[in-house]
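Chemist: Give me coordinates for this.
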Amino acid sequence: MSPQTPTLSDVVAHLERRYPPATAEPWDAVGLVAGDPAQPVRTVLFAVDPVAAVADEAIARGADLVVVHHPLLLRGVHSIAADEPKGALLHRLVRAGCALYAAHTNADAATRGVADALADVLGVVDTRPLVPAPAPARSTGLGRVGRLSSPTTLGDFAEHVARVLPATAQGVRV
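Modeler: From the prediction side, this is the model:
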């Protein structure tokens, strides 16, 4: 490891400055799920969900860390046995030396976080939090509400959403 190579602890500290765990909703499960804080991190893979295809890609790319939006372990667990889907995923990542970190509602609420990025790509301007954080941090909070820069129909807006966002199995519903 070269002197410039950050450790997992360094990367987690950076993520937590950007997306403070204290801003996550009380029911959420954010933070380091698995990994050795002393391990070097050279390659990071970002994904929405911690699923088998993401683990496959991380391992194939030699990633040291996967940062996901949706938590793998949202509720308390009593086992991470390798013969269960979530346990199998964790075992595969750990065996490959790949850590797992989740940033969910704390990343949604952050200034210039997920909600702001979504508003930007959809063309929503003059945004403010839909559910503001408690004072004094009123500039952060969940969701964003704003206006479109020019009037449009619901149908045209739905087509725009479908064009600028990645496709999903259920598509865009309006």
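
Chemist: C-alpha from now on. contacts and neighbour counts both.
Modeler: OK.

Chemist: Any regions of the chain where pLDDT drops low?
Modeler: The chain contains residues with pLDDT under 70 at 1-3, 135-139.

Chemist: For it, which segments count as helices?
Modeler: Under the criterion DSSP state H, helices of the chain are mapped to 8-18, 52-61, 85-95, 105-109, 114-122, 154-164.

Chemist: Need the winner for burial among those helices.
Modeler: Highest mean neighbour count of those: helix 105-109, a mean of 27 (counted as mean count of other CA atoms under 10 Å).

Chemist: C-alpha coordinates for that helix, PDB please?
Modeler: The C-alpha trace of helix 105-109 is given here as PDB (Å, rounded to 0.1, in the frame of the first residue of the first chain):
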ATOM      1  CA  THR A 105     -31.700   8.400   3.800                       C
ATOM      2  CA  ASN A 106     -28.600  10.300   5.000                       C
ATOM      3  CA  ALA A 107     -27.600  10.500   1.300                       C
ATOM      4  CA  ASP A 108     -31.100  11.500   0.300                       C
ATOM      5  CA  ALA A 109     -31.200  14.300   2.800                       C
END
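
Chemist: who does that helix touch, helix- and strand-wise?
Modeler: Here helix 105-109 touches helix 114-122, strand 141-148, going by 3 or more CA pairs under 8 Å, 6 or more residues apart in numbering; DSSP states H and E.

Chemist: Report the contact partners of the residue positioned nearest the centre of the chain.
Modeler: By CA atoms, centre = their mean, the mean C-alpha position of the chain lies nearest to His69, the distance being 2.2 Å. Contacts for His69 (CA atoms under 8 Å, 6 or more residues apart in numbering) come out as 47-49, 102-104, 107.

Chemist: can I get the residues you listed in a markdown table with distance to Thr140?
Modeler: Listed next are the contacts of His69 as a markdown table, based on distance: CA to CA, whole Å:
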| residue | distance to Thr140 |
| --- | --- |
| Ala47 | 23 |
| Val48 | 21 |
| Asp49 | 24 |
| Ala102 | 19 |
| Ala103 | 15 |
| His104 | 14 |
| Ala107 | 10 |
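
Chemist: Buried ones only from these, please, as a PyMOL command.
Modeler: Selection of the buried residues among these in PyMOL, burial being defined by 16 or more other CA atoms under 10 Å:
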select buried, resi 47+102+103+104+107
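
Chemist: Return the member of the contacts of His69 nearest to Ala63.
Modeler: Ala47 (12.2 Å; CA to CA).

Chemist: I'd say the closest one and Val68 touch.
Modeler: Yes: with contact defined as CA atoms under 8 Å, Ala47 and Val68 form a contacting pair (4.8 Å).

Chemist: rewinding a little: tell me which of the helices of the chain lies nearest to Trp27.
Modeler: Nearest of those (CA to CA): helix 105-109, 9.6 Å.
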